[in-house]
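Undergrad: Predicted model, plus sequence, below.
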Amino acid sequence: MSETINCTESCVIVLPSLNPDRKFDRVVDSLRAAGFRKIMIVDDGSDTEHQVHFERAESFPECAVLHHSRNKGKGRALKDGFVEVMKRFPKAEGVITIDGDGQHLTQDIILCGNRMLEEDKIVLGCRNFDLPGVPARSVAGNKTTSRMFRLYGIRLSDTQTGLRAIPKRYLSRFCAIEGERFEYETNMLLKMKRRGIPFVEQEIETVYEDENAGSHYDTVKDSWRIFKIMAKDLVRRS
């Protein structure tokens, strides 16, 4: 990698969002201030009341917004975002997926992106769930899926992280992975293991505001959906 290249110039941020608030605005502002030139936002069927945040983002030259007419799920939003990146930014070195609720600090986003460029591997930004103050539902959801992953011989400290830096050569493969909602991110990890795609964990700050009230992850429903897909996959492999 050339010393003059960094992720703010050569990578595309992929940011799926549903009914964002002012935290979303701060995330966009922070990315722009840090020098990110390409920010692909996916409005996953947000209602009219929340369109003001996307309209604001679209006014900036660094941002492009893809609108879903209805909510299709985070998995579909990510896959559609990847497709748009490949169309609009064919020279990009990779993407960095993030959430719009402020959980991912800009310095951690840059850290993961630059490490991806340096090592040419997928980089997962992983939180520490043993720290005090982490919402109980986040701990429960992560521990449940972590146990499931051990059946595959995969040990991960953060199975639900939305901060992932991905080299561009994997995008077309990831667009074909099953899953339309939160289970998609789990399937991505399973495919990485099965296909021998190299990845590393990068520890990041653990940030939760208002007990993670803005998250659309349902611990029971989404964990059950993930379990069914993993069980089906295990049966298929047996």
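TA: Sure, I can see it.

Undergrad: all strands of this structure, in order?
TA: For the chain, the strands defined by DSSP state E cover 11-17, 39-44, 63-68, 94-97, 122-126, 164-167, 199-203.

Undergrad: can you redo these as a markdown table with distance to Cys175, mean neighbour count and mean pLDDT?
TA: The way it works is simple: take the backbone N, C-alpha and C, and place the C-beta from them, glycine included. Formatted as a markdown table, the strands of the chain follow (distance: least, C-beta to C-beta, whole Å; neighbours: other C-beta atoms under 10 Å; pLDDT from 0 to 100):
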| stretch | distance to Cys175 | mean neighbour count | mean pLDDT |
| --- | --- | --- | --- |
| strand 11-17 | 12 | 27 | 98 |
| strand 39-44 | 13 | 24 | 98 |
| strand 63-68 | 14 | 18 | 98 |
| strand 94-97 | 11 | 26 | 98 |
| strand 122-126 | 15 | 24 | 97 |
| strand 164-167 | 11 | 25 | 98 |
| strand 199-203 | 18 | 16 | 95 |
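
Undergrad: how about those, which one is nearest Thr144?
TA: Of all the strands of the chain, strand 122-126 sits nearest to Thr144, with 16.5 Å by C-beta to C-beta.

Undergrad: what's the closest one in contact with?
TA: 104, 108-109, 111-113, 115-116, 156-158, 161, 163-167, 170, 192, 197-204 (C-beta atoms under 8 Å, 6 or more residues apart in numbering).

Undergrad: Look up how far Cys112 lies from the residue nearest to the spatial centre of the chain.
TA: The C-alpha lying nearest the average C-alpha coordinate of the chain belongs to Gly162 (C-alpha atoms, centre = their mean; 3.2 Å). From Gly162 over to Cys112 the distance is 11 Å, taken as C-beta to C-beta, to the nearest Å.

Undergrad: before we move on, back to that, report the contact partners of the residue nearest to the centre of the chain.
TA: With C-beta under 8 Å, 6+ apart, Gly162 has these contacts: 97-99, 103-104, 185.

Undergrad: For this structure, which segments count as helices?
TA: 7-10, 22-34, 51-58, 74-88, 106-119, 136-150, 171-175, 183-194, 219-237 (DSSP state H).

Undergrad: Please point out which parts of the second one sit buried.
TA: If you call a residue buried by 16 or more other C-beta atoms under 10 Å, then helix 22-34 has these buried ones: 23-24, 27-28, 30-32.

Undergrad: Who are the packing partners of it?
TA: strand 11-17, strand 39-44, helix 51-58, helix 106-119 (3 or more C-beta pairs under 8 Å, 6 or more residues apart in numbering; DSSP states H and E).
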